[in-house]
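Undergrad: Compute the structure for the input listed below.
(one chain, ligands or ions: 1)
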Amino acid sequence: MFKRIFAILTACLLALSSAAMGEAVPAGVTGEFSASAKGMGGDVTVTIGLKDGAIVTCAAEGPNETPGIGDKALEALPAEIAATGSIAVDAVSGATVTSDAILAAAAAALESAGVDPADYQEKAEKAEEAVVTEYDCDVAIIGAGGAGMTAAITAADAGKTVVLIEGQPMVGGNSVRATGGMNAAKTPLQDANEFGESAGVEKTLASAAGSYADNETITALAATVKEQWDAYQANPEGYFDSVELMELDTMIGGKGVNDPELVKTLCENSAASIEWLDTVGAKLTSVGSFGGASVKRIHRPVNDEGKTIAVGSYIVPVLEKACTDRGVTLLTNTLAAALKTNESGAVCGVTAMAGETEITVNAKAVILATGGFGANLDMVTEYKPELAGFMTTNAPGAQGQGIAMATAVGAATVDMDQIQIHPTVEANTAALITEGLRGDGAILVNAEGKRFIDEVGTRDVVSAAEIAQPGSYSWLVVDQKMADASSVIGGYIKKGYTVTGETYEALAEAMGVDAETFAATMNAWNECVASKTDAEFGRTSFADPLDTAPYYAIKVTAGVHHTMGGLKINPAAEVLTEAGEAISGLFAAGEVTGGVHGANRLGGNAVADFVVFGRIAGASAVEYAK
Ligand code: ADP
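TA: So this is what the prediction gives:
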């Protein structure tokens with residue numbers, strides 16, 4: 001039921017293999033012989049037809065094998081056995097349990113015919129690979145990054161058959177490159193830490209009353225947060241955070257341009273999504289500070305030694321395994337080209353190219369999770385010409401094709417010119433240096449050895465300040481104590497991104513900045529940490545002083561990082577037309593969508609976005625596919 005196969009197995013090949021087998025197989029045995037072996041979900045039964053001892057037909061049944069995986073093997077392997085006359089055929093990748101059962105049952109069937117299976121082990125030369133060119137499923141998902149895999153898991157958990165189409169040879173997209181963590185408001189993990197109060201709340205309320213006094217959403221959120229904050233101060237229990245404060249931070253971070261309903265959806269579902277990740281095996285147990293968040297809200301994974309590790313490379317393999325375990329059919333190296341629509345305009349499938357071969361995926365619902373367009377610098381400069389010549393932190397698949405496919409069926413886009421540059425991109429390799437280090441206590445100094453900004457400000461503000469410095473770069477400075485607490489820093493040291501020195505002066509020399517000025521900057525910073533005030537730049541987030549030798553610095557500059565704009569969606573992840581109507585059968589989640597982050601995405605909100613909206617898109621597609 002799941003797909004059709006064009007097994008291109010020629011008569012000539014059959015003749016060849018029969019000749020090859022001719023001498024080995026015992027002559028005279030003719031008839032049909034069946035046997036069973038244990039597969040993934042129960043017995044797999046194979047029936048082999050012999051004519052004068054040669055295999056001429058083969059069929060297999062395994063009603064309880066995993067849809068989309070096991071049945072791929074049930075269809076492909078018997079066809080190949082019949083065509084080649086050999087049971088020495090390759091297992092279907094991703095369906096090894098079912099494949100092995102088919103081969104074991106085939107051998108047993110031959111035995112029951114009174115012939116020796118060993119006589120049917122000669123591998124036949126394949127003229128061409130068996131190519132599946134058409135799939136039928138409930139939900140087709142384009143893009144196997146964080147959003148696509150989250151949606152796939154959600155749909156598979158609801159019992160739907162899922163085909164996940166990925167243009168690259170491997171899954172992960174930009175998600176696997178996410179170095180920080182995931183923002184979530186009012187989680188048990190926040191409460192479990194005794195962080196104390198956060199001066200960041202007052203600062204955020206002041207910002208809401210100042211620059212955003214005209215923004216109704218921000219003003220209303222600030223009023224709610226003020227009430228919550230006053231109540232908390234009168235009776236402090238747990239750690240102060242709230243869904244509304246996360247909304248307020250996200251809206252202020254996005255300069256008030258965000259779609260408030262999408263922001264609300266993001267924040268309301270954030271804590272539950274941390275729990276959901278836990279259920280699929282991804283544990284984000286360390287809570288810390290991050291740019292633009294009033295309180296400690298970013299949730300990060302830790303390694304066995306308790307050191308924080310990059311979120312993307314931790315989560316993506318967990319999501320991939322969860323997809324495999326659930327029988328999601330993953331087609332890598334398969335680049336979606338267009339959406340299929342039926343006579344009433346509803347989206348009903350995808351056409352894609354696997355190399356030279358055209359693939360069709362027929363589906364009841366389609367989810368676009370193709371990510372952004374930050375790797376397509378032509379498209380970037382089309383919307384924001386001033387970014388010509390910038391480096392990009394993006395994975396190669398971030399080409400904006402999802403936007404083109406959806407607009408071709410009537411989808412609207414929002415905020416396409418909102419493109420984020422990230423201030424800490426390693427100056428030589430364009431590798432992303434995580435913002436978490438600044439939250440954990442790192443500072444930025446310019447070519448003159450001076451600080452120039454609140455390092456934990458939003459990415460746009462920090463990037464703009466950095467671009468304005470001499471040479472448009474800066475140095476991110478950490479000490480050994482920070483390195484001891486973070487395996488990420490260890491990785492940067494190993495990769496050769498750092499210069500180092502046993503004293504501030506020695507580090508300054510390695511950086512090529514004035515030693516006296518740099519030492520004075522470091523001493524002044526350590527005093528800021530001690531007094532928890534930063535009169536010059538207004539930083540409110542402090543960790544430990546940077547006073548444990550040796551010291552390290554990484555030269556960083558700004559690079560294209562996230563495309564906030566994209567397809568217009570509603571809180572149910574339905575893709576909307578310009579008129580605001582949902583396009584039947586089409587859903588979207590993750591960086592391909594616009595509106596969630598407004599004019600600037602907060603660090604930690606990309607992972608929150610792909611998990612929250614990936615789950616919603618999965619659930620909405622399931623509902624639609626009923
Ligand atoms: P998100 O998790 O926000 O969706 P990612 O960048 O992590 O973003 O994932 C998007 C994925 O979509 C990437 O793996 C990318 O290679 C893939 N992709 C982009 N365009 C296509 C396409 N036309 N066909 C198939 N996969 C695509």
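Undergrad: which residues touch the residue in the stretch 401-550 of the chain that the ligand sits nearest to?
TA: Across the stretch 401-550 of the chain, no residue is closer to the ligand than Gln401, which sits at 3.7 Å (Cβ to the nearest ligand atom). (Glycine included, C-beta is placed from N, CA and C.) Contacts for Gln401 (Cβ atoms under 8 Å, 6 or more residues apart in numbering) come out as 167, 335-337, 370.
Undergrad: Quick check: of those residues, which has the highest neighbour count?
TA: Thr370 (35 neighbours; other Cβ atoms under 10 Å).
Undergrad: quick one: it from the ligand, how far?
TA: To the ligand, Thr370 is 4 Å away according to Cβ to the nearest ligand atom, to the nearest Å.
Undergrad: Can you name the residues of the stretch 401-550 of the chain that neighbour the ligand?
TA: 401-402 (Cβ under 6 Å from any ligand atom).
Undergrad: rerun that using 8 Å as the cut-off
TA: With Cβ under 8 Å from any ligand atom as the criterion, the stretch 401-550 of the chain meets the ligand at residues 401-402, 405.
Undergrad: just checking, what's the longest helix in the chain?
TA: helix 605-625 (DSSP state H).
Undergrad: other SSEs contacting that helix?
TA: On a contact count with 3 or more Cβ pairs under 8 Å, 6 or more residues apart in numbering; DSSP states H and E, helix 605-625 meets strand 131-142, helix 146-157, strand 182-183, helix 260-268, helix 270-280, helix 311-325, strand 357-368, strand 582-588.
Undergrad: Identify each buried residue in it, please.
TA: Neighbour counts over helix 605-625 (16 or more other Cβ atoms under 10 Å) mark 605-622, 624-625 as buried.
Undergrad: Please apply the same query to stretch 219-236.
TA: 221-222, 225-226, 228-229, 232.
Undergrad: For the ligand, tell me which of those residues show up nearby.
TA: Okay, of those, nothing touches the ligand (Cβ under 8 Å from any ligand atom).
Undergrad: Looking at those residues, which is nearest the ligand?
TA: Out of these, the member with the shortest distance to the ligand (by Cβ to the nearest ligand atom) is Leu221, at 25.1 Å.
Undergrad: The ligand contacts on the stretch 1-150 of the chain?
TA: So the stretch 1-150 of the chain meets the ligand at 142-150 (Cβ under 8 Å from any ligand atom).
Undergrad: Just send the residues you listed back as CSV, with pLDDT too.
TA: Shown next, in CSV, are these (pLDDT from 0 to 100):
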residue, pLDDT
Ile142, 98
Gly143, 98
Ala144, 98
Gly145, 98
Gly146, 98
Ala147, 98
Gly148, 98
Met149, 98
Thr150, 98
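Undergrad: Now flag whichever of those residues is closest to the ligand.
TA: The closest of these, once distances to the ligand are taken by Cβ to the nearest ligand atom, is Gly145, at 1.8 Å.
Undergrad: OK, contacts around the closest one?
TA: 171-176, 369, 371, 397, 590-591, 610.
Undergrad: In CSV, list the residues you listed along with secondary structure, distance to Met522 and pLDDT.
TA: Below are the contacts of Gly145 laid out as CSV (DSSP: H, G, I helix; E, B strand; the rest coil; distance: Cβ to Cβ, whole Å; pLDDT from 0 to 100):
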residue, secondary structure, distance to Met522, pLDDT
Val171, coil, 42, 95
Gly172, coil, 38, 95
Gly173, coil, 38, 94
Asn174, coil, 34, 94
Ser175, helix, 36, 96
Val176, helix, 35, 93
Ala369, coil, 44, 98
Gly371, coil, 39, 98
Gly397, coil, 41, 95
Gly590, helix, 40, 98
Glu591, helix, 37, 98
Phe610, helix, 38, 98
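Undergrad: could you flag which of those are buried?
TA: 171-176, 369, 371, 397, 590-591, 610.
Undergrad: which sections of the protein are below the confidence cut-off?
TA: 1-27, 40-41, 65-72, 92-95, 125-130, 194-197 (pLDDT under 70).
Undergrad: The helix or strand hosting Asp249 packs against which elements?
TA: Element membership for Asp249 (DSSP states H and E) is helix 243-253. Of the remaining helices and strands, those touching helix 243-253 by 3+ Cβ pairs under 8 Å, 6+ apart are helix 200-209, helix 216-234, helix 260-268.
Undergrad: could those go into TSV alongside distance to Asn428?
TA: Below are these laid out as TSV (distance: least, Cβ to Cβ, whole Å):
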stretch	distance to Asn428
helix 200-209	33
helix 216-234	40
helix 260-268	35
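Undergrad: right, and Thr219 touches Gly210 too?
TA: No: using Cβ atoms under 8 Å, Thr219 is not in contact with Gly210, being 11.3 Å away.
Undergrad: Contacts only, for Ala506.
TA: Ala506 touches nothing, counting by Cβ under 8 Å, 6+ apart.
Undergrad: now Ser198
TA: Contacts of Ser198 were listed using Cβ under 8 Å, 6+ apart, and they are 240, 294-296, 540.
Undergrad: could you pull out the helices for the stretch 351-500 of the chain?
TA: Counting by DSSP state H, counting those that start in this stretch, one finds helices in the stretch 351-500 of the chain at the ranges 377-383, 401-407, 436-439, 459-467, 480-485, 487-494.
Undergrad: Which among those helices is found nearest to Asp138?
TA: helix 401-407 (19.6 Å; Cβ to Cβ).
Undergrad: Would you mind writing the CA trace of that closest one as PDB?
TA: What follows is helix 401-407, C-alpha atoms only, in PDB (Å, rounded to 0.1, in the frame of the first residue of the first chain):
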ATOM      1  CA  GLN A 401      13.400  26.700  -1.800                       C
ATOM      2  CA  GLY A 402      10.500  26.200   0.600                       C
ATOM      3  CA  ILE A 403       9.500  29.800   0.200                       C
ATOM      4  CA  ALA A 404       9.400  29.400  -3.600                       C
ATOM      5  CA  MET A 405       7.400  26.200  -3.400                       C
ATOM      6  CA  ALA A 406       4.800  27.600  -1.100                       C
ATOM      7  CA  THR A 407       4.400  31.000  -2.800                       C
END
